[in-house]
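A.B. asks: Please find the sequence and the predicted model below.
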Amino acid sequence: MITALVSRKGGVGKTTTAVNLAAALALRGRRTLLVDLDSQCSATLSLGVDREAFAPSAADLLLREAEAPEIVRQSAVENLELITGSVDLLSADVELGRSGWHRRRLKAALDPVAPLYDHILLDCPPSLAVLPQAALLASDNFLVPVVPQFLAVEGVRNLIDSIARLGERFGHSPDLLGIVLTMVDYRTRETREQVARVRRLCGDQVFAVEVRINVRLAEAPAAGKTIFEHDASCTGAQSYALLAEEMLLRSGVATREVEVPSAPADEAPPADDEPWADDEPSAVEEP
């Protein structure tokens, strides 16, 4: 199963979700491939790959003659493999946009390795330009991280409509796997109102599991580790473990119910909860 993680806006926890959801699936024994399609290479850095070791990368796969089996590498997490990002992906929209066929280049490139994995997660750049379109056309479904803010919620509805129109144009419509609420901070009234609003507007499209703000999630990329390597006992790790379980349920793989912790009313969250940094590891704030 190939899943694209898409968003039109940066800083919504998309890469954090891609990396830690992939790790959670791998830790459950699911063979998983994470493909970093962002020229910022945040997912690659989050898995501890030095910039000098990025090549060969997704840019070689899409823009050159590299074959997927040649560029897949093992991460530090068992069952989790990676295709690294590259700054060369900045030109991918121009290269892939020359014809409709080039938007299908990613699917053709992944076809030889797709049967080897239970899950392939595509971490897309924050837009709906040509490269994310290519990812959607290569995917079985897509997942949308969203922060519980008014404009972010409105943007998600527009994004889903745009993806539906893309499917009509190119003859392939990936299914919406779900909307994931990220960076949830129940200490604020705005958060509580917008969580209720997105659940009212989108219903079952929204994952039951929410990922709350957690300083450990901000620290992990700077250490080049997944949240499970950095602090497996923190609330962020627990959230992504549950999110992986719900993803499997939605995909028809798992069968048991997910135990979702109830949202607090007005009480303060656990002591280790702090706002996340953006997807860029350099933006990590000290606790």
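C.D. replies: Cool, the structure landed.
A.B. asks: For the helix or strand of the chain with the lowest mean pLDDT, enumerate the helices and strands it packs against.
C.D. replies: None of the helices or strands of the chain scores lower by mean pLDDT, DSSP states H and E than helix 92-96, at a mean of 80. Applying 3 or more C-beta pairs under 8 Å, 6 or more residues apart in numbering; DSSP states H and E, one finds that helix 92-96 contacts helix 58-63, helix 130-137. Where C-beta positions appear, they are placed from N, C-alpha and C, glycine not excepted.
A.B. asks: For L248, which of the ones you listed is the nearest?
C.D. replies: L248 lies closest to helix 130-137 among these, at 21.2 Å (C-beta to C-beta).
A.B. asks: Just the CA atoms of whichever helix or strand comes after that closest one, as CSV, please.
C.D. replies: Heading C-terminal from helix 130-137, the first helix or strand you meet, by DSSP states H and E, is strand 141-146. Extracted C-alpha coordinates of strand 141-146, given in CSV (Å, rounded to 0.1, in the frame of the first residue of the first chain):
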residue,chain,number,x,y,z
ASN,A,141,-4.5,6.6,-0.7
PHE,A,142,-3.4,9.8,1.0
LEU,A,143,-3.2,11.2,4.5
VAL,A,144,-3.6,14.9,5.5
PRO,A,145,-2.0,16.2,8.7
VAL,A,146,-3.8,19.4,9.9
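A.B. asks: Which neighbouring elements make contact with the next helix-or-strand element following strand 141-146?
C.D. replies: Using DSSP H and E, the helix or strand that follows strand 141-146 towards the C-terminus is helix 150-170. Helix 150-170 is packed against helix 130-137, strand 141-146, strand 175-181, helix 189-202, with contacts defined by 3+ C-beta pairs under 8 Å, 6+ apart.
A.B. asks: Next, the buried residues of helix 150-170.
C.D. replies: 152-153, 155-156, 159-160, 163, 166 (16 or more other C-beta atoms under 10 Å).
A.B. asks: So, low pLDDT: which residues of the stretch 1-150 of the chain?
C.D. replies: Scanning the stretch 1-150 of the chain for pLDDT under 70 picks out 99-101.
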